[in-house]
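starting from these lines, generate the structure:
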Amino acid sequence: MDIWPSGETMITALLGQDFFKVLASVHGVIALFCICAAAVSIYLGWKLVSDRLADTADLKSISILISILSFMTIVFGNWIYIRYRSSDAESAKNWLLAHNPVVHSVFFEFKEFIGLFTFPLTVAVAAILIQYGNQVLKEKYLRITVGLILAVAFFYLILTFGLGAAITRVRPI
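Residues are numbered from 1 along each chain as shown. Got it, this is the predicted structure:
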């Protein structure tokens, strides 16, 4: 029994034959990895703020990883944005403006910009941890600052991820 439609391979069935659909899939997978890493960072950030973290090395490493993943997500997202903003009548933007303008004007435009905040916030956390190292553990204000920045970055990341998933349900690329 063939589980894939006739003529399709497993890869084309999963990702599609269109270049932009492959980019969208890579964008989504990187964002999912970023969410997983951010979940670990928020746990370590909580331990830091509550003064139960013994060493900052893991938090520094995960902050650098999230910064890299966030940057890659932004790059692939901007690449996909080319297709979204296409002047073609069948583009996702034009379809959304014709059928559900609120999704474009509120959700997509809002998502587009708040998604950019995660990168500089996680870079700031990584920079603080690289600069101060384990001294962060001794300074209450540094611990709270790192914890708050991580919490805000996590909030923006989750919100962006959720809006992106919702928008692709309304009109896939």
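
poorly predicted segments of the protein, please.
Flagging of the chain using pLDDT under 70 yields the residue ranges 1-17, 171-173.

now do the helices in it.
Using DSSP state H, the helices found in the chain span residues 10-15, 19-49, 57-84, 92-99, 101-102, 109-114, 118-132, 135-138, 140-170.

and the residue nearest the centre of the protein?
residue 31 (4.1 Å; CA atoms, centre = their mean).

report the contact partners of that residue.
Counting by CB atoms under 8 Å, 6 or more residues apart in numbering, residue 31 makes contact with 69, 73, 160, 161, 164. The C-beta positions use only the backbone N, C-alpha and C, and glycine is treated the same way.

how about residue 115?
Applying CB under 8 Å, 6+ apart to residue 115 gives the contacts 73, 74, 77, 156, 160, 164.

the first one: neighbour count?
As a burial measure, the neighbour count of residue 73 was computed by other CB atoms under 10 Å and equals 28.

then the fourth one?
Using other CB under 10 Å as the criterion, residue 156 is surrounded by 21 other residues.

and it, what does it touch?
By CB under 8 Å, 6+ apart, the contact list for residue 156 reads 114, 115, 117, 118, 121.

since that was my last question, I'll sign off now.
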